[in-house]
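Colleague: This is a predicted model, with the sequence first.
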Amino acid sequence: MTDSDRARLSRAQFLRLTGAAVSIATASGLVAACSTSPRPHPGTERILLDKVRGYTCTASGLHRFSSLLIDAHGRVEALDPAGTAGARRIDGHGKACLPGFHDAHGHLWSFGAAATQIDLAGVRSVDDALRVIATYTREHRDRPWLLGRGWNDVGWGRLPSAADLDQVVEERPLWLLRVDSHAGVANTAALRLAGITASTPDPVGGQIIRDGDGRPTGVLVDAAKKLIEQHIPAPTLLDYEDRLLTAQQRLNAAGLTSISEASTAPDQLPALFDLASTGRMTLRINAFLNWDAFVRFGTHARTDSVADDMLRVRTVKLIADGALGSHGAALLDPYTDRPTSRGLPQLQPTELTSRVRQIVDAGYQSAIHAIGDHANRMALDTYTDVLGSARVPRLRHRIEHAQVLAPPDLPRLAQLGLIASMQPSHATDDMNMAETRLGAARLTGAYAWRSLLDLGVTIAAGSDFPVSSHRPFDGLHAAVTRTDRDGQPAGGWHREQAMTVAEALRAYTLDAAYAAHQERVLGSLTPGKHADFVLLDQDPFWPQKPLWQTEVLQTWVGGRRIGEYGQL
């Protein structure tokens, strides 16, 4: 099956291919098929966006422009054109114009779900969390399960527990994911429904946090989360489509015109094909299959482009370890604040190598989640083994997060031609606990953007939303200043690892597109590429206020304005 054949799959064909239930397809009431040619642009006119302070990254460096000509198909025709006869002119009023941002690592499905679940992001104590939960519970009495996310015990002084949650929710099961999604806390009703008791063993790659008597406290880490999550009613196709539509509105408003979706499951993939083929997506999505989806679909889901680059499926995500905050990141040496633990590897080296080899042989790009220095070394060893022997073109394989590396391992990313998919906001989010977890010495290779850039490694920047803020300018602020929104710490946390504004912009646009194999159609405003761009209230190269306060005024995708959020 060729890429063009896959692009012609009707929705019904794809649902049959993936084994989706006919009853779900009928219930959705959606019967449109993928176009056999590029999706037509909604307009037929050429547009001249004039009088802007434009910036775009190119192979030769940063390029400035003052006008942008868009052709009738929604692509860039020219920058600062000499002839514009017949084009409709739009006055940019001197506003800054940048390529649309590409978040190189986000979680679309949980981001969309968070809009309808308990939101504990930024909650500063267990007591405050309980108040939020109680309010939500009163307002959603009809829900058999109560779900939420975003709690962060760093600064709370302790982990939450089932006993805490039971104070406000006793009868219904309650499950709340930590901010990093690598741990969760359940109330007693949920523990009882899942059959989790003092005699339940820790699963491989997971941990049941227990009290002094060995009884579960309610907190489950990494692979142990599945003990609860396998009992949560599965969302329907309509649920997934609603989540995607909700998420894309918020992401577009933040200036994102494309993303790399970091883990798509088998039952989520039909929603992507459906919304792309019916023209309802305003966010270009480069979807990573999770391992289950790859095993189920193989090469059948692989496609370079659906609906004129609205959807791409050519990457498979693997998870090597957990997160630093929940002590799940796999370390070479024990945690400084937990000397009995080195984290929770999710795959053994032989299994990781076997899976990457299958991914490469199937013509997919591999993306390995690795946060701790042990997990990163495992990923590097695996790529060395597989790429040194595989007789296939290199597919710009990636390490997702590349958060803590042993200094001798940093050059290996350049030697292997790997993409470092990193999240600038993680540094400022983690700075209050990273040294506690790692000690000062290991920070040399942690959040090391400058070290990697100087070695010639391509950094694709993202946010890991909803783990961190989805707003690109929060990420740019962190990348450039190494400070939080309050400008702390003064001078920046390990400022020697900061990026310049131009480097950060490139990491969020052209290099993020390159990491997705889409640099020929996305990532910069150069002739022939999609006219995906944003207009801003300030020039990020000459800011009048902190970068994180930059506001998006308009977002355009394919030469079409899809959102207006402020006055030009």
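Modeller: Sure thing, it's come through. These figures come from a predicted structure and were not determined experimentally. Residues are numbered from 1 along each chain as shown.
Colleague: any idea how far the residue lying closest to Gly456 once chain neighbours are set aside lies from Val457?
Modeller: In space, not counting the residues next to it along the chain, Gly456 is nearest to Ala414; the distance is 4.9 Å by Cβ to Cβ, 6 or more residues apart in numbering. From N, CA and C alone the C-beta is placed, and that goes for glycine too. When Cβ to Cβ, to the nearest Å is the yardstick, Ala414 and Val457 sit 5 Å from each other.
Colleague: So for those two, which residue has more residues nearby?
Modeller: Residue environment comparison for Ala414 versus Val457 gives the larger neighbour count to Val457, 24 against 15, counting by other Cβ atoms under 10 Å.
Colleague: who's in contact with that one?
Modeller: By Cβ atoms under 8 Å, 6 or more residues apart in numbering, the contact list for Val457 reads 413-414, 418-420.
Colleague: Could you rerun that using 7 Å?
Modeller: By Cβ atoms under 7 Å, 6 or more residues apart in numbering, Val457 lies in contact with 413-414, 420.
Colleague: and the residue nearest to Gly456, that one's in a strand?
Modeller: No. When the secondary structure is assigned by DSSP: H, G, I helix; E, B strand; the rest coil, Ala414 falls in helix instead of a strand.
Colleague: correct me, but it touches Leu455?
Modeller: Yes. Look at Ala414 against Leu455 with Cβ atoms under 7 Å: they come within range, at 4.5 Å.
Colleague: which ones are touching the closest residue to Arg396 other than its chain neighbours?
Modeller: Spatial nearest neighbour of Arg396, excluding adjacent residues (Cβ to Cβ, 6+ apart): Ile419 at 5.5 Å. For Ile419, the set of contacting residues under the criterion of Cβ under 7 Å, 6+ apart consists of 396, 398, 458, 460, 515.
Colleague: next one: Pro99
Modeller: Counting by Cβ under 7 Å, 6+ apart, Pro99 makes contact with 56, 509, 523-525, 532-533.
Colleague: Buried members of those residues into PyMOL, please.
Modeller: Under the burial definition 16 or more other Cβ atoms under 10 Å, those of the contacts of Pro99 that qualify are selected in PyMOL by:
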select buried, resi 56+509+523+524+525+532+533
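Colleague: now, which of the contacts of Pro99 sits nearest Pro407?
Modeller: Pro407 lies nearest to Thr509 out of the contacts of Pro99, by Cβ to Cβ, at 29.1 Å.
Colleague: For the closest residue to Arg210 other than its chain neighbours, grab the count of nearby residues.
Modeller: The shortest distance from Arg210 to any residue that is not its chain neighbour, by Cβ to Cβ, 6+ apart, is 5.9 Å, and that residue is Pro216. Burial of Pro216 is recorded as 22 neighbouring residues (other Cβ under 10 Å).
Colleague: gap between Pro216 and Gln117?
Modeller: As for Pro216, its distance to Gln117 is 23 Å (criterion: Cβ to Cβ).
Colleague: Can you list the low-confidence ranges for this structure?
Modeller: Across the chain, the ranges flagged by pLDDT under 70 are 1-44, 389-393.
Colleague: Where does the residue located most distally from the centre of it sit, in terms of helix or strand?
Modeller: The outermost residue of the chain, judged against the average C-alpha position, is Ala85 (41.5 Å), by Cα atoms, centre = their mean. Assigned by DSSP states H and E, Ala85 belongs to neither a helix nor a strand.
Colleague: can you pull the contacts of it?
Modeller: Ala85 sits next to no residue when contact means Cβ under 7 Å, 6+ apart.
Colleague: got it, and Arg471?
Modeller: Contacts were defined as Cβ under 7 Å, 6+ apart; by that measure Arg471 touches Ala254.
Colleague: beta partners for the residue nearest in space to the middle of the chain?
Modeller: Here the mean C-alpha position of the chain is nearest to the C-alpha of Gly106 (Cα atoms, centre = their mean), at a distance of 1.1 Å. With DSSP bridges as the criterion, the beta-bridge partners of Gly106 are Glu261.
Colleague: Double-check it against Val467; I have them as touching.
Modeller: No. With contacts counted by Cβ under 7 Å, Gly106 stays clear of Val467, the gap being 9.0 Å.
Colleague: any idea where the strands of the stretch 301-450 of the chain begin and end?
Modeller: According to DSSP state E, counting those that start in this stretch, the stretch 301-450 of the chain carries its strands in the segments 303-306, 311-319, 365-370, 398-401, 419-422.
Colleague: helices or strands up against the first one?
Modeller: The criterion is 3 or more Cβ pairs under 7 Å, 6 or more residues apart in numbering; DSSP states H and E, and the helices and strands that strand 303-306 contacts are helix 3-7, helix 269-277, strand 311-319.
Colleague: Within the sheet, what are the partner strands of it, with directions?
Modeller: Strands flanking strand 303-306 in the sheet, each with its direction: strand 311-319 (antiparallel) (DSSP bridges).
Colleague: Quick one: distance of the partner strand to the chain centre.
Modeller: 12 Å (Cα atoms, centre = their mean, to the nearest Å).
Colleague: So which residues make contact with that strand?
Modeller: When contacts are defined by Cβ under 7 Å, 6+ apart, strand 311-319 is touched by residues 262-263, 272-273, 276, 285-291, 294, 301-305, 346-347, 352, 355-356, 359, 364-369, 516-518.
Colleague: Could you export that strand as PDB, CA atoms only?
Modeller: What follows is the C-alpha trace of strand 311-319 in PDB, where atoms were taken according to Å, rounded to 0.1, in the frame of the first residue of the first chain:
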ATOM      1  CA  LEU A 311      -2.100  14.700   9.400                       C
ATOM      2  CA  ARG A 312       1.100  12.700   9.300                       C
ATOM      3  CA  VAL A 313       1.700   9.200  10.900                       C
ATOM      4  CA  ARG A 314       5.300   8.100  10.600                       C
ATOM      5  CA  THR A 315       6.600   7.900  14.200                       C
ATOM      6  CA  VAL A 316       6.400   5.300  17.000                       C
ATOM      7  CA  LYS A 317       6.900   6.300  20.600                       C
ATOM      8  CA  LEU A 318       8.600   4.100  23.200                       C
ATOM      9  CA  ILE A 319       9.000   4.800  26.900                       C
END
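Colleague: got the angle between it and strand 365-370?
Modeller: Using axes from the mean of the first three to the mean of the last three Cα atoms, to 10 degrees, one finds that strand 311-319 and strand 365-370 are set 40 degrees apart in direction.
Colleague: Compute the inter-axis angle for strand 311-319 and helix 269-277.
Modeller: Note on geometry: by the same axes, to 10 degrees, strand 311-319 and helix 269-277 are set 150 degrees apart in direction.
Colleague: So for strand 311-319, what gets flagged as buried?
Modeller: By neighbour count, with 16+ other Cβ under 10 Å as the criterion, the buried positions of strand 311-319 are 311-319.
Colleague: now the nearest residue to Tyr447 once chain neighbours are set aside: how far from Trp449?
Modeller: Spatial nearest neighbour of Tyr447, excluding adjacent residues (Cβ to Cβ, 6+ apart): Ala427 at 4.0 Å. With distances defined as Cβ to Cβ, the gap from Ala427 to Trp449 amounts to 8 Å.
Colleague: Repeat that for Val306.
Modeller: In this structure, Val306 lies at 33 Å from Trp449, with Cβ to Cβ as the measure.
Colleague: Can you verify my assumption that Asp119 contacts Gly150?
Modeller: Yes. Counting by Cβ under 7 Å, Asp119 sits close enough to Gly150 to count as a contact (5.7 Å).
Colleague: Settle it for me: which of the two has more neighbours?
Modeller: More crowded of Asp119 and Gly150, by other Cβ under 10 Å: Gly150, with 22 against 16.
Colleague: Backbone dihedrals for the more buried one, please?
Modeller: For Gly150, the backbone dihedrals are phi 110, psi -10 (criterion: degrees, to the nearest 10).
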